[in-house]
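Predicted model and sequence follow; I will ask about them next.
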Amino acid sequence: MAVNHAALWTRPVLRWRAGRTLRKLGLPRQFRVEHLREALEARLGKPIFFGVVELPAAAPSGLVLTTAEAVLVVSDAQLRTSHRWHVWLHELMHLVWGHVGKAEPDALGALRELFPTLPEEVLAQMLTRTTCERGHEVEAEMLAALCHVRLASWRAAEEAQDVPAEVATTLQRFQDLLG
């Protein structure tokens with residue numbers, strides 16, 4: 001869903017709520033990506049890893065896979081680095097805002113047939129975010145945009161992450177499922 005970035009800044013209440021949310025994470029006015037990640041890991045209670053996969057043209061440009069061990073934020077491999085970071089931020093901000101829906105029990109069987117190798121907890125997370133509510137997208141986009149403005153440094157290479165084997169396996173399984 002496309003969001004008009006210029007129109008975001010005309011929403012003073014949402015901008016204020018986004019700033020308050022960043023302050024609640026304990027982040028200073030200017031921060032580095034590593035500080036944001038550490039604050040979100042503390043809030044979510046799991047390590048966060050960034051990954052890239054080749055997503056189909058009809059797919060969204062990013063998504064979050066949450067397992068028992070970690071949060072894996074995925075973006076399309078075709079994106080430029082700056083756009084990739086924005087997508088990662090946007091997806092993380094959905095978690096910060098608490099944008100998690102209710103799983104549809106009847107959908108689990110169908111999803112299991114489509115993705116037979118994904119762990120149960122990953123499927124459960126996929127089920128909770130099956131729709132894009134405009135309000136949620138605007139909130140996530142506002143918080144991601146505010147993070148962009150406040151980031152003091154973009155220097156954080158995803159290649160340098162020490163990714164546990166189970167997280168790397170989940171990412172590889174997901175890529176394999178996509179073809």
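Thanks, I have the structure now.

which stretch of helix or strand covers the residue most central in space within the chain?
When the chain is reduced to its mean C-alpha position, the closest residue under C-alpha atoms, centre = their mean turns out to be Glu91, at 2.5 Å. Glu91 is part of helix 81-97 when elements are defined by DSSP states H and E.

ok, residues contacting that helix?
Counting by C-beta atoms under 8 Å, 6 or more residues apart in numbering, helix 81-97 makes contact with 21, 25, 33, 40, 43-44, 48, 50, 52, 61-64, 66, 71, 73-76, 79, 129, 136, 139-141, 143-144, 147-148, 154, all of which sit outside it. C-beta here means a position set from N, CA and C on the backbone, and glycine is covered the same way.

check which helix or strand covers Glu141.
Under the criterion of DSSP H and E, Glu141 resides in helix 134-150.

List the buried residues in that helix.
By 16 or more other C-beta atoms under 10 Å, the buried positions in helix 134-150 come out as His136, Glu137, Val138, Glu139, Ala140, Glu141, Met142, Leu143, Ala144, Ala145, Leu146, Cys147.

same deal with stretch 13-32?
Going by neighbour count (16+ other C-beta under 10 Å), the buried part of stretch 13-32 is Leu14, Arg15, Ala18, Thr21, Leu22, Leu25, Leu27, Phe31, Arg32.

Okay, and which of these map to strands?
Among the buried residues of stretch 13-32, the members found in strands (DSSP state E) are Phe31, Arg32.

Show me which pair in the buried residues of stretch 13-32 is furthest apart.
Farthest pair in the buried residues of stretch 13-32 (C-beta to C-beta) is Leu14 and Arg32. Separation: 24.6 Å.

follow-up on the earlier one: what are the contacting residues of the helix holding Glu141?
By C-beta under 8 Å, 6+ apart, helix 134-150 touches 1, 3, 5, 8-9, 11, 14-15, 18-19, 21-22, 27, 29-31, 36, 86, 89-94, 96-97, 99.

Tell me which of the contacts of helix 81-97 fall in helices.
21, 33, 40, 43-44, 136, 139-141, 143-144, 147-148 (DSSP state H).
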